[in-house]
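# can't give you the sequence, but here's the structure:
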């Protein structure tokens, strides 16, 4: 085989590898399937029992990633009748090593804050999962009431690193104008909520 053909085939193999790698990374980054269902907390079960499929509404998140890129959020679900707000967050394994060095991910907590930066609620971790090099956490906030002008933002907090700093923006997570309507529950979600 001539040297020119060997170089050509090596280049093609390298290009295919790079494209496959980039495609896989894009897929991993855009995957929103982990912990995306309404989690069957006691409040969620109560809401489903009383109000059925119309119990939960979703929101369009203007930006799913925090401005500093530390966390991604998706799959918000809110029940006005019980005041529960659920959302899933994802962060990279490298967060505690490269960006918040010395922090313990087990001590991270998440808050919803209003436009003045006041804490409205601190989340309960209701489900956790690891996939690839990402960590996923389904969060539940209780006692949430949305007024007509209320904008709630989601924040990752670490007392060890004194994060977030004052200038840090959270992810806009809820505002009445961002409401997209009732969530169409899957058969698996309905089954879980009936238990």
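That came through fine. All values derive from a computational prediction rather than experimental measurement.
# strands along this protein, start to end?
Applying DSSP state E to the chain gives strands spanning 57-59, 71-79, 84-92, 109-113, 119-122, 124-131, 134-141, 152-157, 171-174, 179-182.
# in the last one, what counts as buried?
The neighbour-count criterion (16 or more other Cβ atoms under 10 Å) identifies residue 179 as the buried residues of strand 179-182. For every residue, glycine as well, the C-beta is placed using N, CA and C.
# for that strand, the distance to its chain's centre please.
Put simply, strand 179-182 sits 18 Å off its chain's centre (Cα atoms, centre = their mean, to the nearest Å).
# that strand packs against which elements?
Secondary-structure packing of strand 179-182 (3 or more Cβ pairs under 8 Å, 6 or more residues apart in numbering; DSSP states H and E): strand 57-59.
# please apply the same query to the first one.
In this structure, strand 57-59 makes packing contacts with strand 71-79, strand 179-182, judged by 3+ Cβ pairs under 8 Å, 6+ apart.
# between these, which one is nearest to residue 93?
Nearest to residue 93, of all the helices and strands packed on strand 57-59, is strand 71-79, at 12.9 Å by Cβ to Cβ.
# so what's residue 66 up against?
By Cβ atoms under 8 Å, 6 or more residues apart in numbering, residue 66 lies in contact with 72, 73, 156, 168, 169, 170, 171.
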